[in-house]
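K.L.:
the amino acid sequence is not available; the structure is as follows:
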C-alpha cells in the first residue's frame, strides 16, 4: 500500500486472493483437479470451434452461434483459472490493483456477452422451429454477424460501467479477498465507504443483463413449445425438444448462480458460498456446454467421426 502526500490515509496497490485452501497438500490436489477441468473445458470448446470451421455442413447460423458460445467459454475460464492454478502452488497469492481491475473487467465483459448471447441463440431456435421455411431468409449471414457483434459490444460496454464503479471506490483498509479471483461483489466488500449507491447501480445493470434476457428467453421458448405441440410427427417433436433442451440446460446452469451472485445486496455476502457458486457458473458451465451440445447433437458427432477417420472434414 502507498500513502497520499500530506495525508495519513494509505491506499491499496495490491490484493491478496485467499483461494479455496491454505493447506499445501489440499492445494496440490486442487491443482490437479482444476487443471484437468480447465484443460477439458478448453479442449472441448476448442473441438467444437474446430469442427464448425472444418465441416461445411455445420456452416449454418445455429452452429455459428454455438462456436461463438464456445469461444466465450474458453475466454471465460482462461481469465480466472490459470492465475488460480499459479496461486495454488506459489507462496505469494497477490495480484496488483491494475491486474485485478483488468481481470474483473474481462471476466465481467465475457460473462455479460454470454448472458446476452443466450437470447440470440434462443431467437435462432425460435426462427428455426416457428418459421422453418423462412429460416435462411430471416437469419441471413449479415444479420448473424450483426447480432454477434452487437452482443460483444453491449457486453464490453456494460461491464466497463460495473468495473469502473467498483474499482473507483476507495480501498484503504484490508486488502485480502476471500475468493479465487477478483469478482466485483467480493472486491467491493473491502471498500472504505458505504457502497449502497454502487449496489443500486449494479442492480440496474444486472436487471438488463440477467432478468431482461431471461424474460426474452422464456417468451421465445413459450412460443417454441406451442409450435412444437402443433407438429404432427412424433419424431419431429422429439428432435425439436432435444435441440431446445440442450440450450435450456446450459441457460439454467448459467443464469441461476449468476443471478444469485449479482442480484443480492452486500449484506447477504457469504465468501465461501460465493466462491463455490462462482466456480460453478465460471468453470462447470464452460465444461458442460460442449458435453451437452455434442452428446445431444448428431451433426457434431458425425463431424467428429469424419475427423477421426480421415483427419479432415469434407
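P.N.:
Yep, it's here. Because the structure is predicted, anything quoted here is derived from the model rather than measured. Numbering: from 1, shown residues only.

K.L.:
when you work out contacts or count neighbours from here on, use the C-alpha atoms and nothing else.
P.N.:
OK.

K.L.:
what's the single longest helix in the protein?
P.N.:
Longest helix in the chain, counting residues (DSSP state H): helix 97-130.

K.L.:
got the buried residues for that helix?
P.N.:
Applying a neighbour-count criterion of 16 or more other CA atoms under 10 Å, one finds 97, 100-101, 103-130 buried in helix 97-130.

K.L.:
quick check, central residue of the chain?
P.N.:
Central residue of the chain (CA atoms, centre = their mean): residue 111, 4.0 Å from the mean position.

K.L.:
does it really touch residue 76, like I thought?
P.N.:
Yes - counting by CA atoms under 8 Å, residue 111 does reach residue 76; the two are 7.1 Å apart.

K.L.:
and residue 63, how many neighbours does it have?
P.N.:
Residue 63 has 20 neighbouring residues, counting by other CA atoms under 10 Å.

K.L.:
I'd say it and residue 52 touch.
P.N.:
Yes - applying CA under 8 Å, one finds residue 63 in contact with residue 52, separated by 6.5 Å.

K.L.:
between the helix or strand encompassing residue 62 and helix 97-130, how big is the angle?
P.N.:
Secondary-structure element containing residue 62, defined by DSSP states H and E: helix 61-89. Here the directions of helix 61-89 and helix 97-130 differ by 150 degrees (axes from the mean of the first three to the mean of the last three CA atoms, to 10 degrees).

K.L.:
which secondary structure elements does helix 61-89 contact?
P.N.:
When contacts are defined as 3 or more CA pairs under 8 Å, 6 or more residues apart in numbering; DSSP states H and E, helix 61-89 packs onto helix 24-54, helix 97-130, helix 141-167, helix 285-295.

K.L.:
what about the ones you listed, which gets the closest to residue 220?
P.N.:
Each of the helices and strands packed on helix 61-89 has some distance to residue 220 by CA to CA; the shortest is helix 97-130, at 6.1 Å.

K.L.:
which helices and strands sit right next to that closest one?
P.N.:
The contact analysis (3+ CA pairs under 8 Å, 6+ apart) places helix 97-130 against strand 14-17, helix 61-89, helix 135-138, helix 141-167, helix 212-229, helix 234-262.

K.L.:
so what's residue 65 up against?
P.N.:
Contacts for residue 65 were tallied using CA atoms under 8 Å, 6 or more residues apart in numbering; they are 121, 148.

K.L.:
what's the burial count for the nearest residue to residue 15 once chain neighbours are set aside?
P.N.:
Spatial nearest neighbour of residue 15, chain neighbours left out: residue 175 (4.9 Å); criterion: CA to CA, 6 or more residues apart in numbering. By the measure other CA under 10 Å, the count of residues near residue 175 is 20.

K.L.:
was I right to think residue 175 contacts residue 12?
P.N.:
Yes - at 6.6 Å, residue 175 and residue 12 qualify as touching, with contact defined as CA under 8 Å.

K.L.:
many thanks, we can stop here.
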